[in-house]
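Trainee: Pasting the sequence and the predicted coordinates here, then a few questions.
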Amino acid sequence: MSISGKKIGFGLTGSFCTLQNALIQMEKLVFLGADILPVVSFMVKSTDTRFGTSSFFLEQIKVITGKKCIDSIVDAEPIGPSKNLDLMVVMPCTGNTLAKLANGITDTPVTMACKAHLRNNRPVLLGIATNDGLGANAKNIGLLQNTKNIYFVPYRQDDPEKKYNSLVCRMDLFIPAVEAAFNSKQIEPVLV
């Protein structure tokens, strides 16, 4: 399936060590002709870390997409009634965001964008990056893998020697996962 002309919401949450890699994938979507609507969590909007400042990331997103980020719940809510997205991506999707999505908590711009988009029976693709994916968040991943219209970028253990429970999505499988989600399919194997 062609990505050209598709309207894709792209939510970014606070896994700061993977933000730059997520922006590379966002840039690939733009190169392939997608129209990106960027949405950031409160953490991405306001937190400076050793991986970069919030203003640095927000400016990069604006350069890539040509758009200012949706950064409030109020601005994310119209995604539902407008029905203007073909796909909603969340990458990186933190354990915190996974837990909120699995339990119906809508208290960030990204979770509101997902909720608003899901009400239209359209796909959401999650690219997880969490230190507790095989720990406290394993149950939430399980719930979401059995939720209609939720798909995952295949993921693997991040660093099994030092971070036993950490999972991160395979960025190299992002574009095939996008194409599969457009066809209501989960790219397999999901756990690589």
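Mentor: Done, it's in. Numbering: from 1, shown residues only.
Trainee: buried ones in the worst-scoring helix or strand of the chain on mean pLDDT?
Mentor: Lowest by mean pLDDT, DSSP states H and E among the helices and strands of the chain is strand 155-159, with a mean of 92. Within strand 155-159, the residues that count as buried by 16 or more other C-beta atoms under 10 Å are 155, 157-158. Just so you know, the C-beta spots here come from the backbone N, C-alpha and C atoms, and that holds for glycine as well.
Trainee: and the helix or strand that that strand is followed by, how far from the chain's centre?
Mentor: Later in the chain than strand 155-159, the nearest helix or strand by DSSP states H and E is strand 163-169. Relative to the chain's own centre, strand 163-169 is displaced by 17 Å; criterion: C-alpha atoms, centre = their mean, to the nearest Å.
Trainee: quick check: mean pLDDT across strand 163-169?
Mentor: If you average the pLDDT over strand 163-169, you get 94.
Trainee: This structure: strands as residue ranges?
Mentor: Using DSSP state E, the strands of the chain run over residues 7-12, 35-40, 87-93, 124-130, 150-152, 155-159, 163-169.
Trainee: So what are the sheet partners of the third one and their directions?
Mentor: Read that as strand 87-93. strand 7-12 (parallel), strand 124-130 (parallel) (DSSP bridges).
Trainee: looking at these, which is buried most?
Mentor: Scoring the strands paired with strand 87-93 by mean neighbour count under mean count of other C-beta atoms under 10 Å gives strand 124-130 as the most buried, with a mean of 28.
Trainee: what comes into contact with it?
Mentor: Strand 124-130 is contacted from outside by 15, 17-18, 22, 25, 87-95, 98, 101, 114, 117-118, 137, 141, 144, 149-153, 155, 158, 166-169, 171, 174, 177-178, 181, using C-beta atoms under 8 Å, 6 or more residues apart in numbering.
Trainee: Please pick the buried ones from those residues.
Mentor: Judged by 16+ other C-beta under 10 Å, buried ones among these: 15, 18, 22, 25, 87-95, 98, 101, 114, 117-118, 137, 141, 144, 149-153, 155, 158, 166-169, 171, 174, 177-178, 181.
Trainee: surely Cys69 meets Glu59?
Mentor: No: here Cys69 does not reach Glu59: they are 10.2 Å apart, not a contact under C-beta atoms under 8 Å.
Trainee: Same drill for the two, tell me which one is more crowded.
Mentor: Between Cys69 and Glu59, Cys69 has the larger neighbour count (other C-beta atoms under 10 Å), namely 21 against 11.
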